[in-house]
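J.: Sequence and computational prediction follow.
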Amino acid sequence: MIHLGVAEWKAAKSPDAIRTTLGSCVGIVLYSAKKKVGGLSHVLLADPPAGRIVQRGKYARTAVDMLLSDLQKLGAEASDLSARIF
């Protein structure tokens, strides 16, 4: 079991499982049923402020890009992914 904190993301292959606890944050899940690869991002805000981004996982716009990149490294294709937002 992989546990995520705030402003973190993780991609994993089956049979690994990822979990987090959400309060006012948002959880974004991307999953490829074809490759049995998925990931979760635990974000606080939609967009980063202008300038240098210190925590990419804190913002949905940057965290999803990082999660997608990690999923592709595990063999997932963007066109095969389904998404859920919690």
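T.: Yep, it's here. Numbers count the residues shown, from 1 in each chain.
J.: for residue 11, what are its contacts?
T.: Neighbour list for residue 11: 37, 38, 39, 67, 70, 71, 73, 74, 76 [criterion: CB atoms under 8 Å, 6 or more residues apart in numbering]. C-betas here are computed from N, CA, C, even on glycine.
J.: What segments of this protein are helices?
T.: Assigned by DSSP state H, the helices in the chain fall at 60-73.
J.: In it, what residue spans correspond to strands?
T.: 2-4, 9-13, 18-20, 26-32, 37-43, 81-85 (DSSP state E).
J.: who does residue 4 bridge with?
T.: residue 20 (DSSP bridges).
J.: tally of neighbours for it?
T.: Neighbours of residue 4 under the rule other CB atoms under 10 Å: 19.
J.: How many residues are close by the residue lying closest to residue 84 once chain neighbours are set aside?
T.: Distances taken as CB to CB, 6 or more residues apart in numbering put residue 29 closest to residue 84, at 4.5 Å, once the chain neighbours are dropped. Using other CB under 10 Å, residue 29 has 17 neighbouring residues.
J.: Give me the distance between the nearest residue to residue 40 once chain neighbours are set aside and residue 3.
T.: Distances taken as CB to CB, 6+ apart place residue 18 nearest to residue 40, at 4.6 Å, with adjacent residues excluded. The gap separating residue 18 from residue 3 is 8 Å, by CB to CB, to the nearest Å.
J.: higher neighbour count, these two?
T.: More neighbours surround residue 18 than the other of residue 18 and residue 3, with 20 against 11 (other CB under 10 Å).
J.: ok, that one - contacts?
T.: 1, 2, 3, 4, 10, 12, 38, 39, 40.
J.: Save those residues as JSON lines, and put in distance to residue 63 too.
T.: Output for the contacts of residue 18, formatted as JSON lines (distance: CB to CB, whole Å):
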{"residue": "1", "distance to residue 63": "21"}
{"residue": "2", "distance to residue 63": "16"}
{"residue": "3", "distance to residue 63": "17"}
{"residue": "4", "distance to residue 63": "11"}
{"residue": "10", "distance to residue 63": "11"}
{"residue": "12", "distance to residue 63": "16"}
{"residue": "38", "distance to residue 63": "15"}
{"residue": "39", "distance to residue 63": "10"}
{"residue": "40", "distance to residue 63": "10"}
